[in-house]
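*Asks:* only geometry, no sequence info:
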């Protein structure tokens, strides 16, 4: 098992980014919901980070597909 992110191949990076990102987003949503008083920050911050996360996953997935087609 590879522990460090930079030693992973593209597929393993995608899988690790997927599950750790989901956990991080869940924690972010819970923390923002219970600890932040401002409604704008409570809504905008998690949504913005969710969009960035989804874009990152799309680019990682396309990179995996491009590597498979190149083989």
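*Replies:* Thanks, I have it. Please read all numbers here as calculations on a predicted model, not as lab measurements.
*Asks:* Let me know how buried residue 44 is, in neighbour terms.
*Replies:* Using other CB atoms under 10 Å, residue 44 has 12 other residues around it. (Glycine included, C-beta is placed from N, CA and C.)
*Asks:* contacting residues around it?
*Replies:* Residue 44 sits next to no residue when contact means CB atoms under 8 Å, 6 or more residues apart in numbering.
*Asks:* ok, now how distant is it from residue 2?
*Replies:* For residue 44, the distance to residue 2 (CB to CB, to the nearest Å) stands at 36 Å.
*Asks:* just checking, what's the longest helix in the chain?
*Replies:* Secondary structure of the chain per DSSP state H: the longest helix is helix 39-70.
*Asks:* which parts of that one are buried?
*Replies:* Neighbour-count burial for helix 39-70, counted by 16 or more other CB atoms under 10 Å, picks out 42, 45-46, 49, 53, 60, 64.
*Asks:* Widest-spaced pair of the residues you listed?
*Replies:* Across these, no pair lies farther apart than 42 and 64, at 34.2 Å, counting by CB to CB.
*Asks:* residues touching the nearest residue to residue 61 once chain neighbours are set aside, list them.
*Replies:* Sequence neighbours aside, residue 14 is the residue nearest to residue 61 in space, at 6.2 Å (criterion: CB to CB, 6 or more residues apart in numbering). With contact taken as CB under 8 Å, 6+ apart, residue 14 is in contact with 57, 60-61, 63-64.
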